[in-house]
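Trainee: pasting the sequence and the predicted model now:
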Amino acid sequence: MITDLRVFTPEGNDEFSRLFELDKGAIPSAAAELASNIDLTETFVSRLETPIPVRRIDLARSLWPYLGPGGAHEIKSSSPLFWNWLAARLMSEAISASGGKVGAKSRWYYTEGSRSAYRHLFSSAFGTYQAHHKDPESAMSILCQPIGVPGEVVEQILATRSIAGSAGAQLATALYFDPSTGLNKSGSGGAGPGSPRRLAAFLNQIRLTVDHKSMSVPQILDLLPREFDKFK
Amino acid sequence: MFDAVLDSQNSTPTIDITWDLSHLSLPPERSLFVDVSNDRVEKRFSLSEPDLDIGQILIELGPEFVRSVARLRLIAVIRDSSNIPIIRAESVTVSFSSSGESSAKSLLVVQPVSDLNAPWELSFAGGDVILNVSNEGGLWSNHLRLSPLFKVLVIGPIVYQVALELLTSRGELGRGMERWQELLVSYGLEIEDSDDLDIEELMKQAHDVSREFQASRKTVEYLLGVMKGVDE
């Protein structure tokens, strides 16, 4: 259960950054301890009873009332001090739910302006939801995953900012997401023909001449090479 | 001509954009868009009077841009006979620092240094790739700057060093390096996989990227052309 939302103080944020110099096995418990340290955090929403989010979309939805447009704490949605606190708070749960490992620092530590900012597990989920908040179902291909395991579709689509916020997520959903299961289709995690990697490459290629942001998803689907037919 | 000035002092940042497209002979039925993005959000604004070749507009951005406006570009879009939106013209991408300072600049900043005792050396600072050139005895200003051979002879090693820097730093560099990354991806740069590679493999990839870049720019043919001119 999440009972409050906080931001790190600058000192807390620095401390969190330094945790990644520890042995990886020691990081989750140290992060949890840091996230609850009242000297290194500042609470801005209290008395919550929010269940620990399971999927990326659950996380975004639970934060939306506070950080979304018009929310009392909208400004926090772009603050590394918040995203890094949240990462510290949820690291243990995210790892244990997925059976995964801590992995790269960029998954947890958000650096504003960094090219790898899209890798932040929590900021990227919220950012995706924010970009598609009028129709989040259209971005389910990059919102349906467990919070600790974003996977190949997320990695490939979010890696290029210019396709992540628009057609890329919607197109990936049209191709790879199966509404009947709530999951991405089998085979969508590969790197071969028709894969998300190939989709990102295709969009990156045509965006030099074609303004895909002015196009509807069906229009772009018509432009896709035949290698994507198996996912249509 | 295209210019943008960011005012991020208020809670609602604004961008003052001016453009002069008169030299492009664009058809009147074009659309003009401004794409603004930071590392989490991307927004598109339609210019209300796209038929104006020369214009100015003040755009109010949302609170999500208070902390950072990474970059923006202006594009002119026309529809082809199949109603596909084609990018007819695209401005340079203007970047801003978090303080609002415009960092629109060339990919390579050439900096004459009076006491450099090597012909040139490369350095990286805050996203800039700086080509320090020796100006000892007027070497740069009187000779190298005017030489058609200089840049074509140094571009290969420069691309190699930039590619290696991108591969080894993995997103921890300044924002300016994004343009280099975008440029070199089409020559085989694969940042996403570089975590799994050792330094020798990264050096090999950087070498291949440099070779591919030079091949595509036909540097050898250019050199032959220059030499023929010298011979004649």
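Mentor: Received, thanks. Numbers count the residues shown, from 1 in each chain, chains lettered A, B, ... in the order given.
Trainee: give the contact list for residue B:63.
Mentor: When contacts are counted by Cβ atoms under 8 Å, 6 or more residues apart in numbering or on different chains, residue B:63 is found next to A:69, A:74-75, B:11-12. To be clear about C-beta, it is placed using only N, CA and C from the backbone, and glycine gets the same treatment.
Trainee: among the residues you listed, which pair sits farthest apart?
Mentor: Pairwise distances across these peak at 13.6 Å for A:69 and B:11 (criterion: Cβ to Cβ).
Trainee: quick one, which of those two is more surrounded?
Mentor: The neighbour count for residue A:69 versus residue B:11, taken as other Cβ atoms under 10 Å in any protein chain shown, is higher for residue A:69 (12 against 8).
Trainee: which parts of the chain are helices?
Mentor: You didn't pick a chain, so chain A it is. A:10-19, A:27-35, A:56-67, A:80-98, A:121-131, A:151-158, A:161-164, A:167-176, A:196-206, A:217-223 (DSSP state H).
Trainee: I was after chain B.
Mentor: With DSSP H as the criterion, chain B has helices at B:150-169, B:177-185, B:199-216, B:219-231.
Trainee: okay, the angle between the third one and helix B:219-231?
Mentor: Same thing as helix B:199-216. Between helix B:199-216 and helix B:219-231, the angle comes out at 50 degrees (axes from the mean of the first three to the mean of the last three Cα atoms, to 10 degrees).
Trainee: packing partners for helix B:199-216?
Mentor: helix B:150-169 (3 or more Cβ pairs under 8 Å, 6 or more residues apart in numbering or on different chains; DSSP states H and E).
Trainee: show residues contacting stretch B:44-53.
Mentor: Outside stretch B:44-53, the residues touching it (Cβ under 8 Å, 6+ apart) are A:166, A:213, B:20-22, B:26, B:28, B:30-36, B:55, B:57, B:59, B:76.
Trainee: so which bits of stretch B:218-225 are buried?
Mentor: residue B:219 (16 or more other Cβ atoms under 10 Å in any protein chain shown).
Trainee: up against chain B, what does chain A have?
Mentor: A:69, A:74-75, A:77-79, A:104, A:106, A:111-119, A:123, A:127, A:130-131, A:155, A:159, A:161-162, A:164-166, A:204, A:208-215, A:219, A:223 (Cβ under 8 Å from any Cβ of the partner chain).
Trainee: only whichever of those are buried, select them in ChimeraX.
Mentor: Per 16+ other Cβ under 10 Å, the buried members of these correspond to this ChimeraX selection:
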select /A:74,77,78,79,106,111,112,113,114,115,116,117,118,119,123,127,130,131,155,159,161,162,164,165,166,204,210,211,212,213,214,215,219
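Trainee: coming back round to it: I'd like the helices of chain B as TSV, with mean pLDDT appended.
Mentor: What follows is the helices of chain B, written out as TSV (pLDDT from 0 to 100):
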stretch	mean pLDDT
helix B:150-169	90
helix B:177-185	81
helix B:199-216	91
helix B:219-231	77
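Trainee: using CSV, write out every CA atom in stretch B:142-158.
Mentor: Listed in CSV are the C-alpha atoms of stretch B:142-158, where the atom choice follows Å, rounded to 0.1, in the frame of the first residue of the first chain:
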residue,chain,number,x,y,z
ASN,B,142,45.6,31.7,-42.3
HIS,B,143,45.9,28.1,-43.6
LEU,B,144,43.7,25.3,-42.3
ARG,B,145,40.5,27.3,-42.3
LEU,B,146,40.9,27.9,-46.1
SER,B,147,42.1,24.4,-46.9
PRO,B,148,39.5,22.2,-48.7
LEU,B,149,41.4,19.2,-47.4
PHE,B,150,41.4,19.8,-43.7
LYS,B,151,37.8,18.9,-42.7
VAL,B,152,37.5,16.0,-45.0
LEU,B,153,40.7,14.5,-43.6
VAL,B,154,39.7,14.9,-40.0
ILE,B,155,36.0,14.0,-40.2
GLY,B,156,36.7,10.3,-40.0
PRO,B,157,38.6,10.4,-36.7
ILE,B,158,36.0,12.9,-35.4
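Trainee: tell me which residues of it are tucked away?
Mentor: B:144, B:150, B:152, B:154-156, B:158.
Trainee: and these, which two are the farthest apart?
Mentor: B:144 and B:156 (16.4 Å).
Trainee: does chain A sit close to stretch B:155-162?
Mentor: No - taking Cβ under 8 Å from any Cβ as the criterion, stretch B:155-162 and chain A are apart, separated by no less than 13.8 Å.
Trainee: can you map out the strands along chain B?
Mentor: B:2-7, B:14-20, B:31-37, B:42-46, B:54-60, B:71-79, B:85-90, B:94-95, B:109-113, B:120-125, B:128-134 (DSSP state E).
Trainee: and residue A:209, how close does it get to residue A:142?
Mentor: Residue A:209 sits 25 Å away from residue A:142, going by Cβ to Cβ, to the nearest Å.
Trainee: spatially nearest residue to residue A:100 (excluding sequence neighbours)?
Mentor: Leaving aside its sequence neighbours, residue A:100 sits nearest to residue A:148 (Cβ to Cβ, 6 or more residues apart in numbering or on different chains; 5.3 Å).
Trainee: cool, and residue A:105?
Mentor: Here the residue nearest residue A:105, using Cβ to Cβ, 6+ apart, is residue A:20, at 4.4 Å.
Trainee: residues near the one you found, how many?
Mentor: Applying other Cβ under 10 Å, we find 16 other residues in the vicinity of residue A:20.
Trainee: got it, and residue B:82?
Mentor: 9.
Trainee: which among the contacts of residue B:63 gets closest to residue B:169?
Mentor: Nearest member of the contacts of residue B:63 to residue B:169, counting by Cβ to Cβ, is residue A:75, at 29.7 Å.
Trainee: next one: the residue of chain A found nearest chain B from residue A:34, what distance?
Mentor: Relative to chain B, the nearest point of chain A is residue A:116 (3.1 Å; Cβ to the nearest Cβ). According to Cβ to Cβ, residue A:116 and residue A:34 sit 22 Å apart.
Trainee: generate TSV for the strands of chain B, with mean pLDDT and mean neighbour count as supplementary columns.
Mentor: Listed next are the strands of chain B as TSV, based on pLDDT from 0 to 100; neighbours: other Cβ atoms under 10 Å in any protein chain shown:
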stretch	mean pLDDT	mean neighbour count
strand B:2-7	74	18
strand B:14-20	83	18
strand B:31-37	88	21
strand B:42-46	86	16
strand B:54-60	85	13
strand B:71-79	86	20
strand B:85-90	85	17
strand B:94-95	73	22
strand B:109-113	75	15
strand B:120-125	86	15
strand B:128-134	83	19
